[in-house]
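# Give me the fold of what follows.
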Amino acid sequence: MNIYLQIFSTFAKIGAFTIGGGYAMIPIIQKEVVEKKGWIKEQDFLDVLAISQSAPGILAVNISIFLGYRLRGVKGSIVATLGSTLPSFTIILLIAMFFAGYQDNETVIKIFKGIRPVVVSLIAVPMINMAKKARLNIYTGALAVATALLVVFLKVSPLYILLVVGVVFTALTVGRKGK
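Predicted coordinates:
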């Protein structure tokens, strides 16, 4: 099978059957491209994920762009992005057309309220699994907690935190090499 068709079908399957957005897609993408297809290694996937989260835009699209690029350059990037977005776009369009007349229906409202906790768990589980695989230590764990507190309670932009952490870790790395 053509590699571009494989990339498109893999990402289309993920895009079509994942509820909950980009964070819910992470474990499915990881399982497909790392474990099943063997297209990239686990550490490379974590690197792509970190870059995808740092880049502006929608996480699922960013992951598709960067993984597609890693696999087959610009063409791979375009194919993977189309594969991950077309099913969702089509499904949302159909739902919007169908539910437009039912948006105030109590049953529909209750169904969507019931889905919310499931989506939260779909996001939380992969984050916990990735934290375990990343082999976090006390310092990186404390950094994650401090970042969450700064963003949630003090409304500090994640961009500023990324910049400060990047500068500090670069300085530490350069300082260690100098010794």
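
# how about stretch 113-126: buried residues?
Leu122, Ile123, Pro126 (16 or more other C-beta atoms under 10 Å). In this view, the C-beta of every residue, glycine as well, is placed from N, C-alpha and C.

# what's near enough to touch the closest residue in space to Pro158 that isn't next to it in sequence?
Excluding the flanking residues, the one nearest Pro158 by C-beta to C-beta, 6 or more residues apart in numbering is Val151, at 5.8 Å. Taking C-beta atoms under 8 Å, 6 or more residues apart in numbering, we find Val151 in contact with Ser157, Pro158, Ile161.

# Would you mind giving both backbone torsions of Ala134?
Ala134 has phi and psi values of phi -80, psi 0 when expressed as degrees, to the nearest 10.

# Where does Thr170 fall, secondary structure wise?
For Thr170, the host element (DSSP states H and E) is helix 158-178.

# Check the offset of that helix from the chain's centre.
Centroid separation for helix 158-178 versus its chain: 24 Å, with C-alpha atoms, centre = their mean, to the nearest Å.

# lowest average confidence, helix or strand, in this protein?
helix 106-133 (a mean of 81; mean pLDDT, DSSP states H and E).

# helices or strands next to that one in the packing?
helix 22-30, helix 42-54 (3 or more C-beta pairs under 8 Å, 6 or more residues apart in numbering; DSSP states H and E).
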